[in-house]
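Student: coords please:
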Amino acid sequence: MVASATSRKRKPFKKGVPLLCVFLLLTSLALVSLSPAQVPTYRYFRIGSPTDAATRASAGVALMGGGDDLDEAFRWLCDKAPGGDFLVLRAAGDDDYNAYVNGLCHLNSMATLLIPDRQAAQDPKVAEIIRHAEVVFISGGDQSRYINYWQKTPVQDALRAHLAAGKPIGGTSAGLAVLGEFIYSAQGDAPDDPGLASAQTLVNPYLPRVTVRRDFLDIRLLHNTLTDTHFAKRDRMGRSLTFLARIVQDGWSKRPREIAVDEKSAVLLEPDGKAKVVGPGRGAYFIAVHKPPSVCRPNTPLTMRHFAVYRVPQGTSFDLKRWTGSDGVAYTLSVEQGKVLSTQSGGQIY
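Tutor: Got it, this is the predicted structure:
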């Protein structure tokens, strides 16, 4: 017969072991169990059903240039997984997207996952949350955090698995910047800094702040492509041409391309390569490189000729696979000793 707890005799402490030592040992064990290293640093906010849906999703990429959020772009993402689970990823901030997106779409659940450091990105629960989402959207903020915190972690693996499964993804501002194969990672930007300016890069393509990275995600249609944001609003053409020059000069690609999206604009990209531009901003710019730089070295103004640019305004389209558009404006740009020049009369039109 098993003795009851009340019938068991307590064994006395061994002679010579002070009670103080036992107290200190138990206290130490309690502190270890509450160690900060074991406390989750991620935060998860969810509304709607607590149970994940089993909805079939279809692929698509929403490239949002920043500024005001576009209802049409979010509805497009939701339509890729009707009645599914929509997940916003952030490195900082709060859950303000939850009420906004939930008010636009018919969803099973709407959630925000904050992953503020590499410790959080290593947490198995974080990757599990991402794997169960039908739609993933990466918010704006600071893309250096996404690269520094999430690259080469289970978060990156889960995002790549999401894409490989044919599920939709989107991003705005910093979230858009990390969708292409090539990424301006903003490693040198300070919190109160307006951002790396075109004039800074054109006079020195190897300025330490020109931090171009690659291979965070694997979106087939964005292979060999740089993605940039807030484009016309923040006069980023010069720095984008510098990034492309560096990609060629450093041997990453002979003919890289770029999709640059202005504020209040979005490019909605279908799996067949057809892209539609929406929003009241200045649209999107599709830039191709045809020649290597003539001069691209440290502390020397850039010289590189014949960038082919196609600006696509609201309501028009572009075919990424054919790299052609309709109802847009085509022109070429060159950089001569750090100055961006247009071959089209009337000066700069970007």
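
Student: residues contacting Gly66?
Tutor: For Gly66, the contacting residues are 140, 172-173, 176, 229-230, 261, 263, taking Cβ atoms under 8 Å, 6 or more residues apart in numbering as the criterion. Quick note: C-beta positions are derived from backbone N, CA and C, even for glycine.

Student: just the buried members of those?
Tutor: For the contacts of Gly66, burial is judged from neighbour counts taken by 16 or more other Cβ atoms under 10 Å, and it is met by 140, 172-173, 176, 229-230, 261, 263.

Student: what's the burial count for the closest residue to Val61 other than its chain neighbours?
Tutor: In this structure, Val61 finds its nearest non-sequential neighbour in Leu269, 4.2 Å apart by Cβ to Cβ, 6 or more residues apart in numbering. Look at Leu269: counted by other Cβ atoms under 10 Å, it has 24 neighbours.

Student: Thr227 and Leu63 touch, don't they?
Tutor: Yes: the pair Thr227 and Leu63 passes the contact test of Cβ atoms under 8 Å, sitting 6.4 Å apart.

Student: so what's in contact with those two at the same time?
Tutor: Taking Cβ under 8 Å, 6+ apart as the contact rule, Thr227 and Leu63 both touch 176, 179, 259, 261.

Student: Alpha carbons only: can I get the helix or strand where the first one lies in PDB?
Tutor: To tie it back to what came earlier, the one meant is Leu176. Leu176 belongs to helix 174-177 when elements are defined using DSSP states H and E. Backbone C-alpha positions of helix 174-177 (Å, rounded to 0.1, in the frame of the first residue of the first chain) are rendered in PDB as follows:
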ATOM      1  CA  ALA A 174      10.700  49.300 -43.900                       C
ATOM      2  CA  GLY A 175       8.600  46.200 -44.400                       C
ATOM      3  CA  LEU A 176       8.700  46.700 -48.100                       C
ATOM      4  CA  ALA A 177      12.400  47.400 -48.100                       C
END
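
Student: what comes into contact with that helix?
Tutor: Contacts of helix 174-177 (Cβ under 8 Å, 6+ apart): 63-66, 89, 137-143, 146, 171, 183-184, 186, 227-229, 261.

Student: Following that helix in sequence, what is the next regular element?
Tutor: strand 182-184.

Student: ok, which stretches of this structure are helices?
Tutor: In the chain, helices defined by DSSP state H lie at 19-33, 71-79, 96-104, 118-121, 124-131, 143-150, 154-164, 174-177, 198-202, 237-249, listed in chain order.

Student: got a pLDDT number for Ser326?
Tutor: Confidence per residue is given as pLDDT, and for Ser326 that number is 85.

Student: my read: the residue nearest to Val61 touches Met64, true?
Tutor: No: with contact defined as Cβ under 8 Å, Leu269 and Met64 do not form a contacting pair (11.4 Å).

Student: one step back: report the two of the shared contacts of Thr227 and Leu63 separated the most.
Tutor: Taking Cβ to Cβ as the measure, the shared contacts of Thr227 and Leu63 span a maximum distance of 10.5 Å, between Leu179 and Val261.

Student: Name the residues contacting each of the two.
Tutor: Taking Cβ under 8 Å, 6+ apart as the criterion, Leu179 and Val261 both touch 63, 227.

Student: returning to that earlier point: tell me the bridge partners for the residue nearest to Val61.
Tutor: When bridges are taken as DSSP bridges, the partners of Leu269 come out as Val61, Ala275.
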